[in-house]
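Enquirer: Quick one, what's the 3D model for this:
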Amino acid sequence: MTALTLTNVNKSFGNVHVLRDINLEVEDGEFVVFVGPSGCGKSTLLRVIAGLEDVSSGEVSIGGEIVNTTPPSKRGIAMVFQSYALYPHLNVRNNMTLALKQEKQSKQVIDQRVAEATRMLNLEDYLDRYPSELSGGQRQRVAIGRAIVRHPKLFLFDEPLSNLDAALRMNTRLEIANLHQQLKTSMIYVTHDQSEAMTLADKIVVLRAGRVEQIGSPMELYNNPVNQFVAGFLGSPAMNFMPANLVSEGDARTLGVRPEDLFLSDQGQLKASVQHVEQLGGDTNVIAKVQDQQITARLFGQHEIKPGAELSFGIAEGKSFYFDKDGARLRG
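Expert: The predicted model follows:
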């Protein structure tokens, strides 16, 4: 069953066209991530799905039912915000149960769902605490628990990890991935962090300026980007771009090579001057200049390379990407 279908969805604020002809299907149980730079429309699209913004044209269907005029509370969705949005005067238990009480659920159902959610999120010891007594990671888990107890058809996450430090982001990301495995419920997750997108998603939707650039699995987008924008957005360190005439002739304007596909070679086509070296233990990132273009090479293991060194890099066979003057991918 299809959990969500968007058909030719457009959204404008006055004369500003924010979303342009969005078409998307989210299958039952699928984890879909919206990713793109700030201002690309990903959070607006999530709010349109939730019913917090009206569509200007097109259709939003949840569970096979068109919900364009259905209020948010009746759409069968639960949303987790970046800001947690917890009630400061309510303890954890009451924050999690408030929506269920408003739905007039029985005490038995409420207790059962809270017990289930707190077990999944390891919140049993915090039910009587108030938000001010919790860490950022604990508050975010409460916000997720508040969504879980509603047993929604669709979970919506709006940059839920942005307020956490790096270690907590990784831990909470794992918790969300584990929750998805346990709940088997469709989830849509908005982020500007391509690492979150790559590690969480069954399917990634890359947005730019209100349009869908490409939809596919993380590895489909990583290995077969349709254009230079998608190629450069996914991957860390990012794909290197340089003039195509450094290595070939033809219609290509730009050559793209991922950092891990460069290797040291005395006969390498790319002559580089080292600017900086990042020793990461298991890997070494070499930042260098090829003519006037900065590139990054990701070398496996430890390498004693110093700034100012002159090196030659080869490109792994079959790992070159070529783009035309408009940024479109050229095959071959």
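
Enquirer: Mind listing what's buried along stretch 304-314?
Expert: Neighbour counts over stretch 304-314 (16 or more other Cβ atoms under 10 Å) mark 305, 311, 313 as buried. In short, each C-beta sits where N, CA and C put it, glycine included.

Enquirer: mind checking pLDDT for the last one?
Expert: Here, the pLDDT recorded for residue 313 equals 97.

Enquirer: how far away is it from residue 217?
Expert: As defined by Cβ to Cβ, to the nearest Å, residue 313 lies at a distance of 29 Å from residue 217.

Enquirer: roughly how far is stretch 172-181 from the heart of the chain?
Expert: 14 Å (Cα atoms, centre = their mean, to the nearest Å).

Enquirer: ok, and what's touching it?
Expert: Stretch 172-181 has contacts (Cβ atoms under 8 Å, 6 or more residues apart in numbering) with 31, 120-121, 137, 140-141, 144, 148, 157, 160-161, 164, 187, 189, 196, 199-200.

Enquirer: Low-confidence stretches in the protein?
Expert: 332 (pLDDT under 70).

Enquirer: so what are the domain limits for it?
Expert: 2-230, 237-330 (automatic domain parsing).

Enquirer: Quick check: which of those domains is buried the most?
Expert: domain 2-230 (a mean of 18; mean count of other Cβ atoms under 10 Å).

Enquirer: That domain spans what distance, first to last residue?
Expert: End-to-end distance for domain 2-230: 26 Å, by Cα to Cα, to the nearest Å.

Enquirer: returning to what we had before: would TSV of the buried residues of stretch 304-314 with distance to residue 41 and secondary structure be doable?
Expert: Supplementary listing: the buried residues of stretch 304-314 in TSV, determined by distance: Cβ to Cβ, whole Å; DSSP: H, G, I helix; E, B strand; the rest coil:
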residue	distance to residue 41	secondary structure
305	42	coil
311	41	strand
313	37	strand
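
Enquirer: If we only consider those residues, which is nearest to residue 65?
Expert: Closest approach to residue 65 among the buried residues of stretch 304-314 (Cβ to Cβ): residue 313, at 54.9 Å.

Enquirer: Please give me every residue in contact with the closest one.
Expert: Per Cβ under 8 Å, 6+ apart, neighbours of residue 313: 262, 263, 264, 265, 268, 269, 270, 272, 288, 290, 295, 297.

Enquirer: try residue 240
Expert: 256, 257, 258, 259, 262, 293, 295, 296.

Enquirer: And these, which two are furthest apart?
Expert: 258 and 293 (15.2 Å).

Enquirer: among the contacts of stretch 172-181, which are in helices?
Expert: 120, 121, 137, 140, 141, 144, 148, 196, 199, 200 (DSSP state H).

Enquirer: Farthest-apart pair in these, please.
Expert: 148 and 199 (20.9 Å).

Enquirer: Give me the distance between the most centrally placed residue in the chain and residue 206.
Expert: Nearest to the mean C-alpha position of the chain, by Cα atoms, centre = their mean, lies residue 197 at 3.1 Å. Counting by Cβ to Cβ, the separation of residue 197 from residue 206 is 8 Å.

Enquirer: Between these two, which contacts overlap?
Expert: 35, 234.

Enquirer: How far does the longest helix along the chain sit from its chain's centre?
Expert: If you go by DSSP H, the chain has its longest helix at helix 166-183. Mean-position distance between helix 166-183 and its chain equals 13 Å (Cα atoms, centre = their mean).

Enquirer: cool, stretch 202-211 as well?
Expert: Centre to centre, stretch against its chain (Cα atoms, centre = their mean), the figure for stretch 202-211 is 9 Å.
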